Every structure is written in structure tokens, then in C-alpha cells.
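Asks: Have a look; sequence and predicted model below, questions after that.
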Amino acid sequence: MNRFKVTLFILLVAFSIFQCQPTSGKKTLKTLPPEVLATIEKRIANGGTISMAIALIDSAGITYHNFGKTSKDGKAVDEHTVYEIGSISKVFTGILLAQQVLDGDLKLEDEINNFLPEGIKAAAIGEEEITFGHLTDHTSGFPLMPKNSTPSNPKNPYADYTVDQMYAFISDYKPGRRAGTNYEYSNFAQGLLGHLLALNRNNTYEALMVQTIADPLEMEDTRIALTDRMKKNLALGHSGGTVVENWDIPTLAGAGAIRSSTSDMATFIAANLGYVESPLEEAMALSHKVRHRKAEGRKVGMAWNYRSGKFGDVIWHGGGTGGYRTFAGFVKETGVGVVLFTNSSMDSSDIGFHLLNPSSQLVNVKSKNQAVDVPESILERYVGVYELTPDFMISISKEGKQLFVQGTDQPRFEIFPESQTKFYLTVVEASISFQSKNGVVESLTLFQGGQKMPGKKVD
């Protein structure tokens, strides 16, 4: 198959990141700008990022930019290196839904209760039942994760969640609002959507995804179960610089189970931009349609997120599993796309956003050598457990003069003092401040992603 449509273009030398092509009205992004290169090099030098594999897509084709190794003692990564893509799987699920709509197998307005097994019924408030459309745009009312998820191995938290547990949760769950009203990101809803789409085709999610998307696009390294070749090219996941387990997501596969390479995902993004000829053109276009507005400048389609940008909306999705962080996005107006994979728990989506929208700021993640000296007697006061919500605790522990933070069902990370009361992480842009009264530590506040989250000390 001819993977790329022939596009006439004129390459112009310019001093900006984007180079205009008057014949097509699109832009090219062939190299990484200096500030991005400096950011990547700093993060790898700090040890928080083990590798970063980037694909830049435009009307001229694809270029690859690779940094780091599959592990500290591994081989250099390239466009065939395999990563867990996490929640980027959700846009695959959205396209599977769009294709079944186009095939006449179901409608976005169809109620999911008509597709669930006999005896399983999702409750609703009022007359608005939960539909396939509600599942795909995160307005179903289902929570982020089901309350009956009790992983035997928190380091692989989805592995033993069963279909029976999923059905039990659906049957017992009492929604707090009407379906279709408010946006609430839900791994459960997306996993359920993938399950229902597979049921509707009498297939497994992986087989349906491969048959519908991966095979037509010749994406041979996009699978859930690792093939022998994918195993040889796998980048090991890392958290806090330590190798961690890969995640297995059998029941909620549509929410985050896919593994892929930047080569395959570049083809996928190129197809979404219309550069690759495929039978998915209509389904992809349908998946891009805005269904719900979350906030000013923030919209959502069929799993795709929208963020306003200088050259047009950035249509994107990120992903994260135990030892991987990923980003994929594009801007239709410029015809530029970006795929960015890392095998570490440090978020690098800021680089993806900056490449698609230079007005988006790069995050200045601090290094260890910026820490100040704090007496051990003060560090000892902070050790304990802090409750941010009834379901999420933060534990602060100490080894010598080093403090560590660990959230519920999450890895442990080092934190470093920038003052006697405020500490920062090097694996992600986040910080923690401690509040005391009469010399006794009463609470902490977590600052991350523009949010301020207080937690009372309970132990």
C-alpha cells in the first residue's frame, strides 16, 4: 500500500520553527528547536527520563528524533522501539466506535443497556440513559476507576480486574448526576466501551483493534500482547529511575492496554491528518468531531482532547502506565503531528504541546543539585501519612537525609528541599509544602498540574 499521498510542496528556509509551504497551505516541522533539545538533554542527564522517542509528521513525511536507551544498560532507542502507550489507546477505541457507527452496527445515541448481557443494567438519573456517546466523551457519570478494583499487585493494578467485577460494578453503581451533563474523565467508561464494541462484533478488543486499525495501516508493532519482535524492541518502563513492571489490562483494554512504536504511531497520526490512504478516513473524521466543551478552550471529541493553540486547535491525547509517559497530537490547520514516547514516569507532554503550539511553555523541571540543606531533625517532622481524599493518601518517609513521597498504589519518589518547608520532585513538575502549628506538622499541600491539593496528617 502507498502509505503517503503525494503532496506537492516547496521547502523554504525560515527562521521560525514552522516553515510555510505556499502551495499547500500547510507547514513543515523537520527539526527540533534548540529549546526542546536543551530540555530533553537536561531531563535525560537528570536521570528522570531514560529515553525519549519522537516522530514529527507533516505533509513532507516523517522524521524521527531519538534520545537515550531502552534501559540504563540497554540499547539506543529508535523508531521501532516499543512502548506502552497507555491512555492513547482511548482514541483507538473512539475510532472503533466511529467505524461501527458508519457500518450501521449501532448509533452514538444507543443506550448501553441494550448491549449489555441480560441481567446487567446501568442505573441512570432521570430519563437520560447512558449511551455510547456518553462513554466516548467522558460524560457517562462513571468514575475514574471502579470502587471494586482491589489489585493483588499494585504494581500491575489492572491485571486481575475481571469482567464479572466490571458487571458487578455497573449493576451496583449509583450515579451522582445525569448522563451527558458534565465531563468527568473515566478509565472505567472507556474500558467498558471497548468491551461492548468487541462484544458487538463477537471478538476480543485486541483482535478488533488489529483488524480494524492496525492491519489496514500496516502497523505491525501495535498490539496488546507483545509479539517476539516487539519483545526484542521493548523499552523497559522506569519509575524514579528504577525498572518497574509492565501493565496488563485485560478487561478494560480499551482504556489503555495498547503497545506501539513511534513508527507505527506516526503512521496513525499521518492517517488522522489525511496523509495516509486508508479505509479509516471517515471513521477518523467522525472521531474528531467535538461532542462536549469542558472549559474555555478545552473540548473533547470521541476521546480526543482539544486545546486552543496559536495555529489552530491541538487535537491530542496523552498516556501513562507505571513506567511510561506518552503523547500524540496534531493540528489540522498546519498539517503537523507529533508522537512522543518515554519509558519513564516523568511527564513530557509539555514538549509535545510546544512542538505543535510554540506559545505553550516548556516545563522547567528542577534537578537534584538545586536542593538546599535541611537538618535531619526538621525532615523527621514531615514523616507520616497525609489524607488528600478518603481514597488517596500520601506517605512521606525518610532514609538518612533523603525524603520520599508515595501516593496510594503509586511508586515511591525522592523529594528535594528548596526551603525548610517546601520540596520538589525531579521526575515530574510537582512540589509539596508542609504546614505546621506550634512546631507540630499538621498538613501538606501538593502542587501539580495547576492544582493545589491539601492533605491532613493522619498518622
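Replies: Perfect, thanks for sending it.
Asks: Let's verify the spatially closest residue to residue 263 that is not a sequence neighbour: helix, strand, or coil?
Replies: Nearest non-adjacent residue to residue 263, counting by CB to CB, 6 or more residues apart in numbering: residue 79, 4.0 Å away. In this view, the C-beta of every residue, glycine as well, is placed from N, C-alpha and C. Reducing the assignment to helix, strand or coil with DSSP: H, G, I helix; E, B strand; the rest coil, the entry for residue 79 is coil.
Asks: Please name the bridge partners of residue 66.
Replies: Partner residues in beta bridges with residue 66: residue 53, with DSSP bridges as the criterion.
Asks: if I read this right, it contacts residue 56, doesn't it?
Replies: No - counting by CB atoms under 8 Å, residue 66 does not reach residue 56; the two are 11.9 Å apart.
Asks: okay, the two: which has more neighbours?
Replies: Relative neighbour count places residue 56 above the other of residue 66 and residue 56, with 25 against 17, counting by other CB atoms under 10 Å.
Asks: What about the residue nearest to residue 263? Give its phi and psi, please.
Replies: Recorded main-chain torsions at residue 79 are phi -70, psi -10, according to degrees, to the nearest 10.
Asks: mind checking pLDDT for it?
Replies: Per-residue pLDDT puts residue 79 at 98.
Asks: So that it lines up with my notes, have the first residue be 33 from now on.
Replies: Sure thing, new numbering starts at 33, so read that last one as residue 111.
Asks: Confirm residue 180 sits in a strand?
Replies: No - if the criterion is three-state DSSP, then residue 180 is coil and not within a strand.
Asks: Once you drop chain neighbours, what's closest to residue 468?
Replies: Residue nearest to residue 468 in three dimensions, not counting chain neighbours: residue 474, with 6.4 Å by CB to CB, 6+ apart.
Asks: Mind jotting down where the helices sit in the stretch 283-432 of the chain?
Replies: If DSSP state H, counting those that start in this stretch is used as the criterion, the helices of the stretch 283-432 of the chain fall at 285-288, 294-304, 313-320, 381-388, 408-414.
Asks: Poorly predicted segments of this protein, please.
Replies: For the chain, the stretches with pLDDT under 70 are 33-61, 327-329, 399-401, 441, 443, 459, 481-482.
Asks: ok, so what distance separates the residue sitting nearest the centre point of it from residue 377?
Replies: Centroid-nearest residue in the chain, with CA atoms, centre = their mean: residue 351, separated by 1.5 Å. For residue 351, the distance to residue 377 equals 12 Å [CB to CB, to the nearest Å].
Asks: Residue 491 too?
Replies: When CB to CB is applied, the distance between residue 491 and residue 377 equals 25 Å.
Asks: Tell me which of those two has more neighbours.
Replies: Here residue 491 and residue 377 are compared on neighbour count by other CB under 10 Å; more neighbours surround residue 377, at 26 against 9.
Asks: about what we covered before: what residues are up against the residue nearest to residue 468?
Replies: By CB atoms under 8 Å, 6 or more residues apart in numbering, the contact set of residue 474 is 467, 468, 488, 489.
Asks: which SS class is it?
Replies: Assigned with three-state DSSP, residue 474 falls in the strand class.
Asks: Likewise for residue 486?
Replies: For residue 486, the secondary-structure state derived from three-state DSSP is strand.
Asks: any idea how far residue 420 is from it?
Replies: Where residue 420 is concerned, residue 486 sits at a distance of 7 Å (CB to CB).
Asks: Touching both of the two, which residues are there?
Replies: Residues touching both residue 486 and residue 420 by CB under 8 Å, 6+ apart: residue 478.
Asks: Those two: which is more packed in?
Replies: A direct count of neighbours by other CB under 10 Å for residue 486 and residue 420 places residue 420 higher, at 18 against 13.
Asks: got any residues that touch both of residue 351 and residue 377?
Replies: For the pair residue 351 and residue 377, residues contacting each of them under the criterion CB under 8 Å, 6+ apart are residue 357.
Asks: According to the record, where do the domains of the chain fall?
Replies: Taking automatic domain parsing as the criterion, the chain consists of the domains 114-388, 400-489.
Asks: so which of the ones you listed comes closest to residue 107?
Replies: domain 114-388 (9.1 Å; CB to CB).
Asks: Spatially, which two of the contacts of residue 474 are the most separated?
Replies: Largest pairwise distance in these, by CB to CB, is 12.8 Å, between 468 and 488.
Asks: returning to what we had before: could you check how far the residue lying closest to the residue nearest to the centre of the chain once chain neighbours are set aside is from residue 211?
Replies: Spatial nearest neighbour of residue 351, excluding adjacent residues (CB to CB, 6+ apart): residue 118 at 2.8 Å. Counting by CB to CB, the gap between residue 118 and residue 211 amounts to 26 Å.
Asks: Residue 332 now?
Replies: In this structure, residue 332 and residue 211 are separated by 15 Å, where distance is defined by CB to CB.
Asks: Would you check that residue 461 makes contact with residue 397?
Replies: Yes - Residue 461 lies in contact with residue 397 (CB under 8 Å); the separation is 5.7 Å.
Asks: if you count what's nearby, which of these two comes out ahead?
Replies: Under the neighbour definition other CB under 10 Å, residue 461 and residue 397 were set side by side, and residue 397 has more, 22 against 18.
Asks: for the more buried one, phi and psi?
Replies: Here the main-chain torsion angles of residue 397 (degrees, to the nearest 10) amount to phi -80, psi 130.
Asks: my read: it touches residue 462, true?
Replies: No - between residue 397 and residue 462 there is no contact, the gap being 9.4 Å when judged by CB under 8 Å.
Asks: okay, now residue 189: neighbour count?
Replies: Residue neighbour count, defined by other CB under 10 Å, stands at 21 for residue 189.
Asks: next one: phi and psi at it?
Replies: Recorded main-chain torsions at residue 189 are phi -70, psi -20, according to degrees, to the nearest 10.
Asks: That one contacts residue 279, doesn't it?
Replies: Yes - A contact is recorded between residue 189 and residue 279 when judged using CB under 8 Å, the distance being 7.3 Å.
Asks: any chance you could map the strands in the stretch 183-332 of the chain?
Replies: Assigned by DSSP state E, counting those that start in this stretch, the stretch 183-332 of the chain shows strands spanning 270-271, 274-275, 291-293, 324-327, 330-332.
Asks: Give me the contact list for the fourth one.
Replies: The one in question is strand 324-327. By CB under 8 Å, 6+ apart, the surrounding residues in contact with strand 324-327 are 169, 170, 171, 215, 331, 332.
Asks: list the contacts for residue 456?
Replies: 398, 447, 448, 450, 462, 463, 464.
Asks: repeat that for 7 Å
Replies: Applying CB atoms under 7 Å, 6 or more residues apart in numbering to residue 456 gives the contacts 398, 447, 448, 450, 463.
Asks: ditto for residue 414
Replies: Residue 414 makes contact with 428, 435, 466, 473 under the criterion CB under 7 Å, 6+ apart.
Asks: measure the second one to residue 97 for me?
Replies: So that's residue 435. 35 Å.
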